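K.L.:
Sequence plus predicted model, see below.
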Amino acid sequence: MSKSRIQIGRNVNVDFIQLYKSTWDKIHRETDVFRYKVENLRERIVNEKYLLQLNPDRSIKRRTPEQIDNICQPFDENKFNFTKASKDETMFSISDENDLNEHFLLVNVSPISQYHSLLCPSMYKCLPQVVTKDSLQLMLDIMCCSKDRDIRIGFNSLCGLASVNHLHYHIFIEKNILPVETVKCKHLKGPVYILDGYPVPGFCFEITRNTINSSEYIYKLIDLLLKKCIAHNIFITRGQSVSGDGGIVRVIVWPRKNSSGAKQLAAFNVAVCELSGWFPVYG
């Protein structure tokens, strides 16, 4: 299978979503890398906002999660990492305008839903599952280049329900509007807002084309959480601006109580999807 390389950046016009969907569909249709197929998942909207999606295969057919004991646990080349993934799992690679590093987009072989994939920044640098400022900026650039309302990007830290200790972000395509995308926010300080009346407290930043390079403000918060050894989840999505006018990109950061050990697949695990108001149901 031939692989494409695309360039991402503020001044680069690329139909990211079209390439993304067509490549994912081709791998899903023509290879056996997926542990199960995801087509026409049953779903329900509860209380007019929470999305429930039934996917019973994920809990019984996915890869066993890694043992995680520390939010800054070093990368271990002897454990599973994405350099060991099959070449057939690679959708395409990405570079940005100012960086020669190659970032790889892989299908998630145990997907939550159709088009669920993994973006591995600087994959062959073998970085642990810890947000870097450069990788965060790459995610914002992708959101800026992708005009499709349905794209979402998520991140689970170590001790925040991450399953693999190798730097990766989740990319989702989901047509439903999620609760965290419309919840009102209160101004805290500078560019920082807090979710107002949401079931789980979190910080919110808004990004427009004019502020796309504001990853440094978001990273200051993440860096503080890392220094304090506080687990966290990050969700990047389009939504209402904090003033309620028009649509912008929201970046939500949830600090959370640390978990340790390997994720228990039979348990109710609250990670980035669940925090956004999207609940995959496995049984």
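P.N.:
Looks like it came in fine. Numbers count the residues shown, from 1 in each chain.

K.L.:
residue closest to the middle of the chain?
P.N.:
For the chain, the residue whose C-alpha lies nearest the mean C-alpha position (C-alpha atoms, centre = their mean) is residue 154; its distance is 2.0 Å.

K.L.:
What pLDDT is listed against that one?
P.N.:
We have a pLDDT of 98 for residue 154.

K.L.:
quick one: low-confidence parts of the stretch 101-250 of the chain?
P.N.:
Counting by pLDDT under 70, the stretch 101-250 of the chain contains low-confidence residues at 209-210, 212-213, 243-246.

K.L.:
Strands of that one, start to end?
P.N.:
All strands of the stretch 101-250 of the chain, identified by DSSP state E, counting those that start in this stretch, fall at 117-120, 151-156, 169-173, 185-189, 192-195, 203-207, 231-240, 247-256.

K.L.:
Let me have these in a markdown table, adding distance to residue 217 as columns.
P.N.:
The C-beta positions use only the backbone N, C-alpha and C, and glycine is treated the same way. As requested, the strands of the stretch 101-250 of the chain are exported to a markdown table (distance: least, C-beta to C-beta, whole Å):
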| stretch | distance to residue 217 |
| --- | --- |
| strand 117-120 | 22 |
| strand 151-156 | 17 |
| strand 169-173 | 19 |
| strand 185-189 | 11 |
| strand 192-195 | 8 |
| strand 203-207 | 7 |
| strand 231-240 | 14 |
| strand 247-256 | 10 |
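
K.L.:
Compare the ones you listed and report which one is nearest to residue 54.
P.N.:
strand 169-173 (16.3 Å; C-beta to C-beta).

K.L.:
List the contacts of that closest one.
P.N.:
The contact list for strand 169-173 (C-beta atoms under 8 Å, 6 or more residues apart in numbering) reads 17, 20-21, 105, 108, 112-119, 121, 135, 139, 148, 150-156, 272-273.

K.L.:
Give the buried subset of those as a ChimeraX selection command.
P.N.:
A single ChimeraX command suffices to select whichever of the contacts of strand 169-173 are buried according to 16 or more other C-beta atoms under 10 Å:
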select :17,20,21,105,108,112,113,114,115,116,117,118,119,121,135,139,150,151,152,153,154,155,156,272,273
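
K.L.:
helix or strand for the closest residue to residue 176 other than its chain neighbours, which one?
P.N.:
With C-beta to C-beta, 6 or more residues apart in numbering as the measure, residue 51 is the residue that lies nearest to residue 176, at 5.1 Å, once sequence neighbours are left out. Residue 51 belongs to strand 50-54 when assigned by DSSP states H and E.

K.L.:
Show me what counts as buried in that strand.
P.N.:
So for strand 50-54, counting by 16+ other C-beta under 10 Å, buried means 50-51, 53.

K.L.:
Repeat that for stretch 238-258.
P.N.:
Across stretch 238-258, burial judged by 16+ other C-beta under 10 Å covers 238-240, 242, 248-256, 258.

K.L.:
all helices for the stretch 101-250 of the chain, in order.
P.N.:
According to DSSP state H, counting those that start in this stretch, the stretch 101-250 of the chain carries its helices in the segments 133-145, 215-227.

K.L.:
same for the last one, what does it pack against?
P.N.:
In other words, helix 215-227. When contacts are defined as 3 or more C-beta pairs under 8 Å, 6 or more residues apart in numbering; DSSP states H and E, helix 215-227 packs onto helix 133-145, strand 203-207, strand 231-240, strand 247-256.

K.L.:
buried ones in it?
P.N.:
For helix 215-227, a neighbour-count test (16+ other C-beta under 10 Å) marks 215, 218-219, 221-222, 225-226 as buried.
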